[in-house]
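[1] can you look at this prediction? I've put the sequence above it.
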Amino acid sequence: MNVFETMESNVRSYCRSFPDVFVKAKGSRIYADSGRAFLDFFAGAGALNYGHNNDFIKKKIVAYLESDGMSHGLDMHTSAKEVFLNRFSELILKPRNLSYKVQFCGPTGTNAVEAALKLARRVKGRTGIFSFMGAFHGMSLGSLAATSNLYHRGAAGTDLDRVHFMPFPQGFMKSFDTIQYLEEVLTDGHSGIEKPAAIIFETLQAEGGINEAPIEWMKQLRDLCNRHDILLICDEVQVGCGRTGPFFSFERADIVPDIVVLSKSISGYGLPMSIVLMKPELDIWNPGEHTGTFRGNQLAFVGATAALEYGDSINLEADVYRKGEFVRQFLTKEIVPISQSISIRGMGLIWGIDVSASKHDFSKEIAARCYELGLILERVGRDDKVIKLMPPLTISLEELEEGCAIVKQAVQECFEKYEASEYLLA
Ligand SMILES: Cc1ncc(COP(=O)(O)O)c(C=O)c1O
């Protein structure tokens, strides 16, 4: 038994699918102590959009460290934070005509979701929140209450209340008008559900199974929130920072959420950082009301500034569209024809191969085979039956082709092993 098995809690999870000991990583590849190299279609669950040890970002972080810059600063004014705020404003907010105030939260996505929910409840003086079936917002109690996965909820050990789950337009009955349902819930005096302070949503549910919200639906959701005086919180933790193309994934619907939550790739280097963006009039916090020792990871600020500059300098958005189109075509031409029970979904550089229509548990086998063949990827969605393709945005086209070829081999082998017809649902 290794030290991980003898000492580390049973709660560990990704290491069970990727059981090597990893020692090094560069760009889109990570290396195990055995000397094996793996292509990375996992990207730190979305924290490594700019790849591993991105040279441009690394140089800035190393220079900052060597200059003995502040390494820890709570929420004090530091030059690293000042530069980040200025660059974030210049490169992200102003060009999009967005006016948000920035709250630095504890280091992870769930901390920012907690802050956003707390703020929304304070602002509206209501306790209820609407979330969606298939949603993933984090594992601490407030965010877990807004997360739909019953396995994760079951681990809470206490009640998770004040959140109602509404049907999401994908992953639910296609013919169902989810906006009309929300409207009914909010207007029917006998719906049994009080008006919430906020509706929290993902423009594309990543952990939920690559479920994409249609543009028109998002516009209607924004309109519904306006009409009913409800705050709209967009959780950009996984699909923000350029994952779907534009910096914010909600840009594709041309809407402006009241509150936005960002984490994962915002630091550019896999360093912990999370922020809440709020419309200025919502900033009703009193000093120190929501605090934490690790708000404002200084190295993450340096990485985040460098990442924004890097993304801007290489026109990352256009690059993501190009590579996303390659993946779309590959999946359409090479993967979908393998079996009638396969469907694909996605955009930008987040894609899902859904094998849930098959009776056999192909997804686990496919992911395991990919790993054997040298590719790391994750499974998401109901019963983990969607294979998620999420490489660093900076991956080269050659590496993308190489990874996709491995996916094809794995999918093909797994489906060929069984008589497809035997396993298809009637
Ligand atoms: C959409 C979304 N929100 C929130 C979180 C929670 O972030 P963290 O794991 O950093 O707490 C995640 C994590 O995967 C996520 O995908």
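    Right, received. Where do you want to start?

[2] show me what contacts residue 37?
    With contacts taken as C-beta atoms under 8 Å, 6 or more residues apart in numbering, residue 37 has the following neighbours: 29-31, 374. Every C-beta, even on glycine, is put in place using the N, C-alpha and C of the backbone.

[3] 10 Å - rerun?
    If a contact means C-beta atoms under 10 Å, 6 or more residues apart in numbering, then residue 37 has 24-26, 29-31, 374 as its contacts.

[4] check the gap between it and the ligand for me.
    Relative to the ligand, residue 37 is positioned 26 Å away (criterion: C-beta to the nearest ligand atom, to the nearest Å).

[5] who does that residue bridge with?
    When bridges are called by DSSP bridges, residue 37 pairs up with residue 31.

[6] so residue 30 makes contact with residue 22?
    Yes - under the criterion of C-beta atoms under 10 Å, residue 30 lies in contact with residue 22, with a separation of 5.4 Å.

[7] if we can go back for a sec, just checking: which of the contacts of residue 37 also lie near the ligand?
    By C-beta under 6 Å from any ligand atom, no member of those lies near the ligand.

[8] pull out the buried members of these.
    The neighbour-count test (16 or more other C-beta atoms under 10 Å) applied to the contacts of residue 37 identifies 25, 29-31 as buried.

[9] nearest to residue 49 among the residues you listed?
    residue 25 (14.0 Å; C-beta to C-beta).

[10] pull the contacting residues for that closest one.
    Contacts of residue 25 were listed using C-beta under 10 Å, 6+ apart, and they are 31, 37-38, 40, 44, 48, 51-53, 270.

[11] most surrounded residue in those residues?
    Neighbour counts for these peak at residue 48, which has 27 neighbours (criterion: other C-beta atoms under 10 Å).

[12] mind checking pLDDT for it?
    The confidence metric pLDDT takes the value 98 at residue 48.

[13] from what I can see it touches residue 303, true?
    No - counting by C-beta under 10 Å, no contact exists between residue 48 and residue 303, whose distance comes to 11.3 Å.

[14] could you check how far residue 408 is from residue 377?
    Here residue 408 is placed at a distance of 13 Å from residue 377 (C-beta to C-beta, to the nearest Å).

[15] can you check residue 304 too?
    Counting by C-beta to C-beta - residue 304 and residue 377 are separated by 26 Å.

[16] tabulate the buried ones among the contacts of residue 37 (a markdown table), appending pLDDT.
    As requested, these are exported to a markdown table (pLDDT from 0 to 100):
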| residue | pLDDT |
| --- | --- |
| 25 | 98 |
| 29 | 98 |
| 30 | 98 |
| 31 | 98 |
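
[17] tabulate these (a markdown table), appending distance to residue 82.
    Formatted as a markdown table, the entries for those read as follows, by distance: C-beta to C-beta, whole Å:
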| residue | distance to residue 82 |
| --- | --- |
| 25 | 30 |
| 29 | 35 |
| 30 | 34 |
| 31 | 37 |
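
[18] and the contacts of residue 25, which is closest to the ligand?
    Distance ranking of the contacts of residue 25 against the ligand, using C-beta to the nearest ligand atom, places residue 44 first at 10.1 Å.

[19] how about the nearest residue to that closest one, chain neighbours excluded?
    Distance criterion C-beta to C-beta, 6 or more residues apart in numbering; nearest residue to residue 44, sequence neighbours excluded, is residue 270 at 5.4 Å.

[20] dump the residue contacts of that neighbour.
    With contact taken as C-beta under 10 Å, 6+ apart, residue 270 is in contact with 25, 43-44, 47-54, 57, 264, 300, 303.

[21] that one sits in which helix or strand?
    Using DSSP states H and E, residue 270 maps to neither a helix nor a strand.

[22] so how many other residues sit close to residue 215?
    Burial measure for residue 215: 13 neighbouring residues, criterion other C-beta under 10 Å.

[23] which non-adjacent residue is nearest it?
    With C-beta to C-beta, 6+ apart as the criterion, residue 215 has its nearest non-adjacent residue at 4.7 Å, and that residue is residue 253.

[24] so what's the residue of the chain found nearest the ligand up against?
    Among all residues of the chain, residue 109 sits closest to the ligand, at 2.3 Å; criterion: C-beta to the nearest ligand atom. Under the criterion of C-beta under 10 Å, 6+ apart, the neighbours of residue 109 are 45-47, 136-140, 143, 235-238, 261-264, 266, 272-274.

[25] could you do residue 409 as well?
    366, 369-370, 373, 375.

[26] and the residue nearest to residue 44, backbone torsions?
    Backbone torsions for residue 270, taken as degrees, to the nearest 10, come to phi 80, psi 10.

[27] how close does it get to residue 248?
    20 Å.

[28] where does pLDDT dip in this protein?
    Segments of the chain classed as low confidence (criterion: pLDDT under 70) are 172, 419-426.

[29] quick check: residues of this structure near the ligand?
    If contact is defined as C-beta under 6 Å from any ligand atom, the residues of the chain in contact with the ligand are 45, 108-110, 113, 136-138, 202, 206-207, 235, 237-238, 263.

[30] one more pass at 5 Å, please.
    The chain has residues 108-110, 137-138, 235, 237-238 near the ligand, with proximity defined as C-beta under 5 Å from any ligand atom.

[31] could you dump those residues to CSV with distance to residue 362?
    Rendered in CSV, the data for the residues of the chain next to the ligand read as follows (distance: C-beta to C-beta, whole Å):
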residue, distance to residue 362
108, 32
109, 30
110, 31
137, 28
138, 29
235, 29
237, 28
238, 24
